[in-house]
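In: 3D, please:
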Amino acid sequence: MSHGQKRTDVILIGAGIMSATLGSLLKELVPDWSITVVERLGNPGEESSNEWNNAGTGHASLCELNYTVEKPDGSIDISKAVKVNEEYQVSKQFWSYLVDSKLIRNPRDFITPVPHMSFVHGEQDVAFLKKRYEAMSGNPLFQGMEFSDDPAKLAEWIPLMMKERTGGEPIAATRIESGTDVNFGALTRMLFAHLKSKHVHMKFNTHVEDLTRTRDGLWELKVRNVDNGAIERLAAKFVFIGGGGGSLHLLQKSGIPEGKGIGGFPVSGLFMVCKNPEIVAQHRAKVYGKASVGAPPMSVPHLDTRFIDKKESLFFGPFAGFSPKFLKFGSMFDLITSVKPHNLLTMLAAGVKNMPLTTYLIKQVMLTKEQRMEALREFVPHAKSEDWDLVVAGQRVQIIKDTAAGKGTLQFGTEVISAADGSIAALLGASPGASTAVSVMLEVIRRCFPQHVKEWEPKIKEMIPSYGASLTKNPELIREIHASTAHSLGLGDNLSGKQFARRTVS
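Out: Predicted coordinates:
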């Protein structure tokens, strides 16, 4: 044991939604394990999990068109949509368990019912949306989805978007009332308040400078207090790296072979935000369109109702930006210092293959506010510049790795990288991220604690009744879960289209 080393069973790096979720799961499964959280910033949920740094959609594949692909034969592949939706149902079950167990309170402080919609224009995209609707509405996970290409019906659903819309171009939308808006910042803070009450040790304003494997098999972290410069050494049997964009550098410092050959490419996001109550009151939905040609999947345009600090606002975006930082509060050298001998060729190959993405990002960075307003007017034709402000959202780091598709392939999604012995795991990537946090952390548990999974399974099933089951194959289980989570989380009082139409008229 190193001089002055403080030991704990588990160390969670990063105080975001992922560490909050893993910590909460472990505290239910093994209450006597000691856990230490290390966070560079002064509070939990300040980076990617912060409510101003993400779309808060509660990704359930109800409206995200990039989760459903049209195959060469014209049919629609909904397999990814099904997977993401099932993972979101797992998250809702765990949140419901925490509320029912009085471990967190006031669920409406972090989750609110908001219809999810997809909106397209042009004959080709209308035909695609109709086929997508037909493929999805037959699946019990997407029960209640509606399709319309009738302007009068659309005016009922999305009055703000239909007001002053001219031209004879075909338009269509799908709508499902069981969507949600999730304030992941608020949820993260709630979970850490719960963990603190369970004697989890929190070390904020603490930067991880290095992590190494000791002779006795522990992971030792060298950490520095950013306020006074004091150095400490922490050691644990298991370390989870949940530092968002900062995870790649820490994974590289670990030296585990599973982390070799992986690179990262940062993409920042910007949103147009409207807080004008008169305008906000005319729209209650999350409406996703189709990404423009050449745009990355995380840049799908959408107009969202958001609930932050119990106030309603509208977000439109995201517009892509570029910064070499891997975190919003990161370093301008993050990208260059992530390039190592083992990932250099992968990174160079990615640069060559993704020239269209680079061109797209450059164009996005150069946009003026008025050009961004023009993009918004495809959704809200009468939008006025003075009603919308630009907000810089969080940084995302997309994974670059060699795959069957070729060297230097840019990955859009999240991925767990873990050591063969399960002693350390890192989460890399971005969307759908926070919405699927519980499923992703259960994967970490399965990989890193295989010797305990059988013993823990009854408790996991108590927390997540659908654990180990396919929801798609169990319509009755879906109905039970929808009913129980709606009751626990207060999601049973969504506004129907007619109710909302009456509210906007009045």
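
In: List the residues that contact residue 478.
Out: Residue 478 makes contact with 89, 140-141, 143, 471 under the criterion C-beta atoms under 8 Å, 6 or more residues apart in numbering. For every residue, glycine as well, the C-beta is placed using N, CA and C.

In: partner residues bridging the residue lying closest to residue 219 once chain neighbours are set aside?
Out: Of all residues not flanking residue 219 in the chain, residue 239 sits nearest, at 4.6 Å (C-beta to C-beta, 6 or more residues apart in numbering). Beta bridges link residue 239 to residue 11, residue 424 when assigned by DSSP bridges.

In: Tell me how many other residues crowd residue 239.
Out: Neighbourhood size, residue 239 [other C-beta atoms under 10 Å]: 28.

In: swap in residue 274?
Out: By other C-beta under 10 Å, the residues close to residue 274 number 22.

In: thinking again about what came up before, could you pull up the contacting residues of the residue nearest to residue 219?
Out: Counting by C-beta under 8 Å, 6+ apart, residue 239 touches 10-13, 211, 219, 221, 423-425.

In: Weed out the non-buried ones from those residues.
Out: Taking 16 or more other C-beta atoms under 10 Å as the criterion, what is buried in the contacts of residue 239 is 10-13, 211, 219, 221, 423-425.

In: ok, of the residues you listed, which one's closest to residue 71?
Out: residue 425 (34.2 Å; C-beta to C-beta).

In: right, and that closest one touches residue 446 too?
Out: No - applying C-beta atoms under 8 Å, one finds residue 425 not in contact with residue 446, separated by 10.7 Å.

In: can you give me the helices in the stretch 51-200 of the chain?
Out: For the stretch 51-200 of the chain, the helices defined by DSSP state H, counting those that start in this stretch cover 79-100, 123-137, 151-157, 159-162, 184-197.

In: I'd like these laid out as JSON lines, including mean neighbour count.
Out: Putting these into JSON lines (neighbours: other C-beta atoms under 10 Å) gives the following:
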{"stretch": "helix 79-100", "mean neighbour count": "21"}
{"stretch": "helix 123-137", "mean neighbour count": "17"}
{"stretch": "helix 151-157", "mean neighbour count": "16"}
{"stretch": "helix 159-162", "mean neighbour count": "21"}
{"stretch": "helix 184-197", "mean neighbour count": "22"}
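
In: now for the contacts of residue 478, which pair is the farthest apart?
Out: Farthest pair in these, by C-beta to C-beta: 89 and 143, 12.7 Å.

In: circling back: nearest to residue 278, of the helices of the stretch 51-200 of the chain?
Out: Of all those, helix 159-162 comes closest under C-beta to C-beta, at 10.4 Å.

In: buried subset of the contacts of residue 478?
Out: Among the contacts of residue 478, those buried by neighbour count (16+ other C-beta under 10 Å) are 89, 140-141, 471.

In: Would you mind measuring from the residue nearest to residue 219 to residue 9?
Out: Between residue 239 and residue 9 the computed distance is 11 Å (C-beta to C-beta, to the nearest Å).

In: just for this structure, where's the confidence low?
Out: Scanning the chain for pLDDT under 70 picks out the ranges 1-3, 292-299, 431-432, 493-506.

In: tell me how far the longest strand along it is from the chain's mean position?
Out: In the chain, taking DSSP state E as the definition, the longest strand is strand 389-403. Centre-to-centre, strand 389-403 and its host chain are 11 Å apart (C-alpha atoms, centre = their mean, to the nearest Å).

In: repeat for stretch 47-55
Out: Worked out by C-alpha atoms, centre = their mean, stretch 47-55 lies 9 Å from the chain centre.

In: could you pull out the strands for the stretch 151-300 of the chain?
Out: Ranges of strands within the stretch 151-300 of the chain are 171-176, 180-182, 201-203, 206-213, 219-225, 231-241, 263-274, 286-288, based on DSSP state E, counting those that start in this stretch.

In: so what does the longest one touch, helix or strand wise?
Out: Right, the one you point to is strand 263-274. strand 311-321, helix 334-337, helix 344-353, helix 369-377, strand 389-403 (3 or more C-beta pairs under 8 Å, 6 or more residues apart in numbering; DSSP states H and E).

In: could you redo the last one with a cut-off of 7 Å?
Out: Packing partners of strand 263-274 (3 or more C-beta pairs under 7 Å, 6 or more residues apart in numbering; DSSP states H and E): strand 311-321, helix 344-353, strand 389-403.

In: Among these, which comes closest to residue 18?
Out: Among those, the nearest to residue 18 by C-beta to C-beta is strand 389-403 (13.7 Å).

In: Now do that closest one and helix 369-377, the angle between them.
Out: 80 degrees (axes from the mean of the first three to the mean of the last three C-alpha atoms, to 10 degrees).

In: going forward, begin numbering at 7 instead of 1
Out: OK, 7 is where the count begins now, so the last one is strand 395-409.

In: Could you list the buried residues of the helix or strand just after strand 395-409?
Out: Under the assignment DSSP states H and E, the closest C-terminal helix or strand after strand 395-409 is strand 412-417. Of all the residues in strand 412-417, those buried under the rule 16+ other C-beta under 10 Å are 413-417.
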